[in-house]
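Participant: Structure for this input, please:
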Amino acid sequence: MKPTNIGHPAPTSAQLEEAARLRLLAKGRRDKANESFDRCDTDGFLSQWADNLTAQEYLANAEILEHGGQARFVGLYKDSVRVRARLIAGDYGSSWMLLDEGGLRIGVYFPQGRLGEDMEPVNSPRTKLVKAGYLEKLEWAPAVAKCVGTGTGLSGRCWIAVVRTDKGY
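Facilitator: Sure, this is the predicted structure:
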């Protein structure tokens, strides 16, 4: 498997200090969740779940900071030039939505390719995307980790996701 930290922007000393602080906060949250479990078993399941989720967010943000405030995302390219496109979720998986210069959709969509075991895009020559002359490549982009979810209350679900902060292009 290829390392995922090759070529990332160099972190500043302030970013490294903040990453270390976030890692300490994450450890504190994990310790708090474990102490709660030891004290009351699963009676404190909701606070234990929240503490562990917060710890995941702290750790993900620490890793982003250690990579210069950026994370790796899949980008769409044609002739080695980044294409204005955004990944959108659909009923049958994710698709690339092509955008005009103003960031508005132009009505052209391509199904996203698949990622290999090493998390690198697999550009199969049989896909609609590659037949149209596009390739998917990994790229570094500004990012943040945050809690995202669906539903409401205990009937919802949430998770920590790393999202682009450059509007996805």
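
Participant: Return the list of helices and strands in contact with the longest strand seen in the chain.
Facilitator: Looking across the chain with DSSP state E, the single longest strand is strand 134-150. Under the contact definition 3 or more C-beta pairs under 8 Å, 6 or more residues apart in numbering; DSSP states H and E, strand 134-150 sits against helix 45-66, strand 70-78, strand 121-122, strand 157-164. (Each C-beta comes from the backbone N, C-alpha and C, glycine too.)

Participant: could these be laid out in a markdown table, adding mean neighbour count, mean pLDDT and distance to residue 10?
Facilitator: Shown next, in a markdown table, are those (neighbours: other C-beta atoms under 10 Å; pLDDT from 0 to 100; distance: least, C-beta to C-beta, whole Å):
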| stretch | mean neighbour count | mean pLDDT | distance to residue 10 |
| --- | --- | --- | --- |
| helix 45-66 | 19 | 94 | 10 |
| strand 70-78 | 19 | 93 | 10 |
| strand 121-122 | 16 | 82 | 25 |
| strand 157-164 | 14 | 92 | 19 |
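
Participant: of all the ones you listed, which lies closest to residue 104?
Facilitator: Proximity to residue 104, assessed across these by C-beta to C-beta, is greatest for strand 70-78 (16.4 Å).

Participant: Let me know the next secondary structure element after the closest one.
Facilitator: Next in sequence after strand 70-78, counting helices and strands by DSSP states H and E, comes strand 81-82.

Participant: re the thing from before, now the helices and strands packed on strand 134-150 in a markdown table, with distance to residue 103?
Facilitator: Shown next, in a markdown table, are these (distance: least, C-beta to C-beta, whole Å):
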| stretch | distance to residue 103 |
| --- | --- |
| helix 45-66 | 24 |
| strand 70-78 | 14 |
| strand 121-122 | 23 |
| strand 157-164 | 13 |
